[in-house]
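J.: I'll drop the sequence and a predicted model, then ask my questions.
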Amino acid sequence: MKKQIAQQLLSIGAVELRPNDPFTWASGVKSPIYCDNRLTMSYPTVRNAIADGLAETIRREYPDAQVIAGTATAGIPHAAWVAERLDLPMVYVRSKPKGHGQSNLIEGKIEPGQKAVVIEDLISKGGSVLQAAQALQDAGFEVAGIAAIFTYGLPQAQQAIEEAGFTFHTLTDFPALVEQARESGAIAAEDLPMLSEWHEKLKAGALTS
(Lines give C-alpha, C1' and ligand atoms only; values in the text may rest on other atoms or scores of the structure.)
Protein backbone atom coordinates (compact mmCIF):
# COMPACT_ATOMS: atom_id res chain seq x y z
CA MET A 1 0.00 0.00 0.00
CA LYS A 2 2.73 2.50 0.93
CA LYS A 3 4.60 2.01 -2.33
CA GLN A 4 1.42 1.98 -4.42
CA ILE A 5 0.15 5.28 -3.02
CA ALA A 6 3.63 6.81 -3.18
CA GLN A 7 3.90 5.92 -6.87
CA GLN A 8 0.49 7.39 -7.61
CA LEU A 9 1.34 10.64 -5.84
CA LEU A 10 4.57 10.86 -7.81
CA SER A 11 2.89 10.00 -11.12
CA ILE A 12 0.43 12.91 -10.97
CA GLY A 13 2.88 15.43 -9.52
CA ALA A 14 1.15 15.63 -6.14
CA VAL A 15 4.62 15.07 -4.73
CA GLU A 16 7.64 16.60 -6.39
CA LEU A 17 11.27 15.91 -5.53
CA ARG A 18 13.84 18.55 -6.49
CA PRO A 19 17.06 17.77 -4.62
CA ASN A 20 19.09 20.30 -6.62
CA ASP A 21 16.45 23.03 -6.88
CA PRO A 22 14.69 23.05 -3.49
CA PHE A 23 11.28 24.49 -2.77
CA THR A 24 10.74 27.12 -0.09
CA TRP A 25 8.05 26.21 2.42
CA ALA A 26 5.84 28.85 4.04
CA SER A 27 8.08 28.55 7.11
CA GLY A 28 11.07 29.58 5.01
CA VAL A 29 12.66 26.12 5.17
CA LYS A 30 14.38 24.98 1.98
CA SER A 31 12.99 21.58 1.03
CA PRO A 32 13.76 19.07 -1.73
CA ILE A 33 10.14 17.87 -1.54
CA TYR A 34 6.78 19.52 -2.01
CA CYS A 35 3.52 17.71 -1.36
CA ASP A 36 0.19 18.99 -2.69
CA ASN A 37 -2.37 16.24 -2.20
CA ARG A 38 -5.15 18.52 -3.42
CA LEU A 39 -4.17 17.47 -6.93
CA THR A 40 -5.47 13.97 -6.20
CA MET A 41 -9.04 15.28 -6.52
CA SER A 42 -8.54 15.63 -10.27
CA TYR A 43 -7.45 12.02 -10.85
CA PRO A 44 -10.25 9.48 -10.26
CA THR A 45 -7.97 6.44 -10.18
CA VAL A 46 -5.70 8.03 -7.57
CA ARG A 47 -8.45 9.48 -5.41
CA ASN A 48 -10.28 6.14 -5.45
CA ALA A 49 -7.15 4.29 -4.35
CA ILE A 50 -6.68 6.79 -1.53
CA ALA A 51 -10.31 6.54 -0.44
CA ASP A 52 -10.14 2.74 -0.53
CA GLY A 53 -6.92 2.81 1.51
CA LEU A 54 -8.29 5.20 4.10
CA ALA A 55 -11.54 3.25 4.39
CA GLU A 56 -9.63 0.00 4.89
CA THR A 57 -7.41 1.67 7.48
CA ILE A 58 -10.47 2.79 9.42
CA ARG A 59 -12.10 -0.64 9.20
CA ARG A 60 -8.90 -2.18 10.56
CA GLU A 61 -7.77 0.38 13.13
CA TYR A 62 -11.00 2.12 14.17
CA PRO A 63 -13.81 -0.37 13.57
CA ASP A 64 -16.13 1.42 16.00
CA ALA A 65 -16.01 4.73 14.09
CA GLN A 66 -19.41 6.40 13.79
CA VAL A 67 -18.52 9.67 12.03
CA ILE A 68 -15.91 10.71 9.46
CA ALA A 69 -14.55 14.22 10.01
CA GLY A 70 -12.56 16.08 7.36
CA THR A 71 -10.12 18.89 8.05
CA ALA A 72 -10.58 22.09 6.09
CA THR A 73 -9.84 22.27 3.35
CA ALA A 74 -7.75 19.46 1.92
CA GLY A 75 -9.24 16.72 4.08
CA ILE A 76 -12.84 17.47 3.14
CA PRO A 77 -13.14 15.68 -0.23
CA HIS A 78 -11.30 12.60 1.03
CA ALA A 79 -13.53 12.47 4.09
CA ALA A 80 -16.58 12.58 1.82
CA TRP A 81 -15.35 9.69 -0.33
CA VAL A 82 -14.39 7.64 2.74
CA ALA A 83 -17.73 8.31 4.46
CA GLU A 84 -19.49 7.13 1.30
CA ARG A 85 -17.55 3.87 1.28
CA LEU A 86 -18.18 3.23 4.96
CA ASP A 87 -21.80 4.43 4.83
CA LEU A 88 -21.15 6.79 7.74
CA PRO A 89 -22.15 10.39 8.48
CA MET A 90 -19.61 13.09 7.68
CA VAL A 91 -18.75 16.46 9.17
CA TYR A 92 -15.90 18.85 8.51
CA VAL A 93 -13.94 21.12 10.79
CA ARG A 94 -13.18 24.70 9.82
CA SER A 95 -9.80 26.24 10.62
CA LYS A 96 -11.72 29.00 12.41
CA PRO A 97 -15.40 29.64 13.14
CA LYS A 98 -17.57 30.93 10.32
CA GLY A 99 -17.79 34.70 10.56
CA HIS A 100 -21.57 34.92 10.17
CA GLY A 101 -24.80 33.01 10.80
CA GLN A 102 -24.34 30.46 13.57
CA SER A 103 -20.54 30.92 13.60
CA ASN A 104 -20.06 27.19 13.19
CA LEU A 105 -16.63 25.65 13.62
CA ILE A 106 -17.93 22.18 12.73
CA GLU A 107 -20.25 21.78 9.76
CA GLY A 108 -22.66 18.86 9.65
CA LYS A 109 -24.94 17.10 12.11
CA ILE A 110 -23.31 16.83 15.52
CA GLU A 111 -24.32 14.03 17.89
CA PRO A 112 -22.32 14.33 21.12
CA GLY A 113 -20.68 11.10 22.19
CA GLN A 114 -20.21 9.68 18.71
CA LYS A 115 -16.78 8.33 17.80
CA ALA A 116 -15.13 10.27 15.00
CA VAL A 117 -12.12 9.56 12.80
CA VAL A 118 -10.36 12.66 11.51
CA ILE A 119 -9.22 12.63 7.86
CA GLU A 120 -6.20 14.78 6.98
CA ASP A 121 -4.25 14.96 3.72
CA LEU A 122 -0.77 15.51 5.17
CA ILE A 123 0.77 15.40 8.63
CA SER A 124 3.85 17.53 9.11
CA LYS A 125 4.13 18.74 12.70
CA GLY A 126 0.55 17.75 13.47
CA GLY A 127 -0.73 21.18 14.45
CA SER A 128 -3.70 21.49 12.10
CA VAL A 129 -5.05 17.99 12.63
CA LEU A 130 -4.72 18.35 16.40
CA GLN A 131 -6.66 21.61 16.23
CA ALA A 132 -9.44 19.80 14.38
CA ALA A 133 -9.42 16.87 16.79
CA GLN A 134 -9.61 19.20 19.78
CA ALA A 135 -12.52 21.08 18.22
CA LEU A 136 -14.36 17.79 17.82
CA GLN A 137 -13.70 16.88 21.42
CA ASP A 138 -14.89 20.28 22.58
CA ALA A 139 -18.10 19.68 20.62
CA GLY A 140 -18.70 16.41 22.46
CA PHE A 141 -17.28 13.90 20.00
CA GLU A 142 -14.97 11.10 21.04
CA VAL A 143 -12.03 11.12 18.64
CA ALA A 144 -11.28 7.50 17.81
CA GLY A 145 -8.18 8.40 15.80
CA ILE A 146 -6.66 10.11 12.79
CA ALA A 147 -6.07 8.81 9.24
CA ALA A 148 -4.03 10.68 6.63
CA ILE A 149 -2.54 10.22 3.19
CA PHE A 150 1.08 11.20 3.82
CA THR A 151 3.42 11.99 6.70
CA TYR A 152 6.99 13.27 6.91
CA GLY A 153 7.41 11.02 9.94
CA LEU A 154 8.53 13.79 12.28
CA PRO A 155 8.95 12.74 15.92
CA GLN A 156 7.47 16.11 16.93
CA ALA A 157 4.18 15.14 15.28
CA GLN A 158 4.20 11.66 16.77
CA GLN A 159 4.83 13.08 20.24
CA ALA A 160 2.26 15.87 19.96
CA ILE A 161 -0.48 13.54 18.73
CA GLU A 162 0.26 10.88 21.34
CA GLU A 163 0.44 13.43 24.14
CA ALA A 164 -2.99 14.69 23.09
CA GLY A 165 -4.27 11.14 23.53
CA PHE A 166 -4.76 10.22 19.87
CA THR A 167 -3.33 7.66 17.45
CA PHE A 168 -2.81 8.13 13.71
CA HIS A 169 -2.16 6.02 10.63
CA THR A 170 -1.08 7.14 7.17
CA LEU A 171 -1.17 5.49 3.76
CA THR A 172 2.42 6.37 2.91
CA ASP A 173 5.39 8.30 4.27
CA PHE A 174 8.66 9.99 3.33
CA PRO A 175 10.90 6.89 3.34
CA ALA A 176 8.45 4.91 1.19
CA LEU A 177 8.12 7.80 -1.22
CA VAL A 178 11.88 8.23 -1.64
CA GLU A 179 12.34 4.49 -2.15
CA GLN A 180 9.60 4.41 -4.77
CA ALA A 181 11.07 7.46 -6.48
CA ARG A 182 14.42 5.67 -6.64
CA GLU A 183 12.89 2.48 -8.06
CA SER A 184 10.88 4.38 -10.67
CA GLY A 185 13.78 6.59 -11.70
CA ALA A 186 12.11 9.78 -10.45
CA ILE A 187 15.33 10.64 -8.62
CA ALA A 188 18.94 9.71 -9.26
CA ALA A 189 20.76 7.33 -6.93
CA GLU A 190 23.39 9.97 -6.20
CA ASP A 191 20.68 12.25 -4.74
CA LEU A 192 19.56 9.72 -2.12
CA PRO A 193 22.17 10.67 0.54
CA MET A 194 21.16 14.33 0.35
CA LEU A 195 17.49 13.47 0.78
CA SER A 196 18.26 11.26 3.77
CA GLU A 197 20.43 13.96 5.33
CA TRP A 198 17.72 16.58 4.84
CA HIS A 199 15.10 14.30 6.39
CA GLU A 200 17.29 13.62 9.43
CA LYS A 201 17.86 17.35 9.93
CA LEU A 202 14.12 17.97 9.58
CA LYS A 203 13.33 15.33 12.20
CA ALA A 204 15.96 16.81 14.52
CA GLY A 205 14.50 20.29 14.13
CA ALA A 206 17.79 21.53 12.74
CA LEU A 207 16.36 23.24 9.65
CA THR A 208 15.55 26.94 9.77
CA SER A 209 14.73 29.59 7.23
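T.: Sure thing, it's come through.
J.: buried sites along the helix or strand hosting Ala55?
T.: Secondary structure assigned from DSSP states H and E places Ala55 in helix 44-61. For helix 44-61, burial by neighbour count (16 or more other CB atoms under 10 Å) applies to Val46, Arg47, Ala49, Ile50, Ala51, Gly53, Leu54, Ala55, Glu56, Thr57, Ile58, Glu61. In this view, the C-beta of every residue, glycine as well, is placed from N, C-alpha and C.
J.: do the same with stretch 175-188
T.: Ala176, Leu177, Val178, Gln180, Ala181, Arg182, Ala186, Ile187.
J.: Any chance you could list what contacts it?
T.: Under the criterion CB atoms under 8 Å, 6 or more residues apart in numbering, residues 2-3, 6-7, 9-10, 15, 17, 19, 33, 150, 153, 189, 192, 195-196, 199 lie in contact with stretch 175-188.
J.: And the closest residue to Leu192 other than its chain neighbours, how far from Ala188?
T.: Residue nearest to Leu192 in three dimensions, not counting chain neighbours: Arg182, with 6.3 Å by CB to CB, 6 or more residues apart in numbering. From Arg182 across to Ala188, the span is 9 Å (CB to CB, to the nearest Å).
J.: Mind listing what's buried along whatever helix or strand Gln134 lives in?
T.: Using DSSP H and E, Gln134 maps to helix 127-138. Buried positions in helix 127-138, judged by neighbour count with 16+ other CB under 10 Å: Ser128, Val129, Leu130, Ala132, Ala133, Ala135, Leu136.
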